[in-house]
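how would this look folded up:
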Amino acid sequence: MSTAAAALPRVDGRHRNMALAAARRARAVELRTQGWTYQQIADELGYANRGAVYQAVSKALQGRTHEAVDSLRDLETARLDALQHGVWDRAMNGDVEAARAALRIIVARCRLLGLDAASLIREPDRSRTLVASKGK
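Down below sits the predicted model:
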């Protein structure tokens, strides 16, 4: 391990493992914010694999209000904005593939920002059929 792992705090006592895990999770979020891949973070901080890093970062994103988490969320939102900007005009002009790409970007943004959580709450189906007719 290098200096990043060495920067983790020394904690003694019964809360040692929890404190070390929290510090390592915070460092993983910080490195991810800087653009490191999950595999690079795993190698740097001694995680078993990149999946473990992904889970640690996801846990931090779900439960922690930390500056690095907010920064990572902002960075990913900016990336999604740039991607959407790149396909938006073509999507609006009928390019089906661009429209699909825009939709995937929108879905990713909703997940990132937690806007899809409302879809987990099922409301009774109150849909109705709207029949439109031409006026005379």
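
all helices in the protein, in order from the N-terminus.
Assigned by DSSP state H, the helices in the chain fall at 3-6, 16-33, 38-45, 50-63, 67-92, 96-113.

Tabulate those helices in TSV, adding columns for mean neighbour count.
No exception for glycine: its C-beta is placed from N, CA and C like everyone else's. Formatted as TSV, these follow (neighbours: other C-beta atoms under 10 Å):
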stretch	mean neighbour count
helix 3-6	11
helix 16-33	18
helix 38-45	19
helix 50-63	17
helix 67-92	15
helix 96-113	15
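
Could you export those to TSV, including columns for mean pLDDT?
Below are these laid out as TSV (pLDDT from 0 to 100):
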stretch	mean pLDDT
helix 3-6	50
helix 16-33	87
helix 38-45	96
helix 50-63	87
helix 67-92	91
helix 96-113	95
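
what's the domain layout of this protein?
1-64, 65-115 (automatic domain parsing).

ok, the residue nearest the centre of the chain - contacts?
Nearest to the geometric centre of the chain sits residue 112, at 4.4 Å (C-alpha atoms, centre = their mean). Residues counted as contacts of residue 112 (C-beta atoms under 8 Å, 6 or more residues apart in numbering) are 73, 76-77, 80.

hmm, which two among these are most spread apart?
Farthest pair in the contacts of residue 112 (C-beta to C-beta) is 73 and 80. Separation: 10.6 Å.

returning to what we had before: do you know how far the residue nearest to the centre of the chain is from residue 69?
Separation of residue 112 from residue 69 (C-beta to C-beta, to the nearest Å) stands at 12 Å.

Same question for residue 40.
Applying C-beta to C-beta to residue 40 and residue 69 gives a distance of 19 Å.

next one: residue 83
21 Å.

what's the answer for residue 33, then?
Residue 33 is 8 Å from residue 69, by C-beta to C-beta.

Ok, residue 85 next?
Taking C-beta to C-beta, one finds residue 85 at 25 Å from residue 69.

again, but for residue 56
For residue 56, the distance to residue 69 - C-beta to C-beta - is 12 Å.

So residue 101 sits against residue 80, correct?
No: using C-beta atoms under 8 Å, residue 101 is not in contact with residue 80, being 11.3 Å away.
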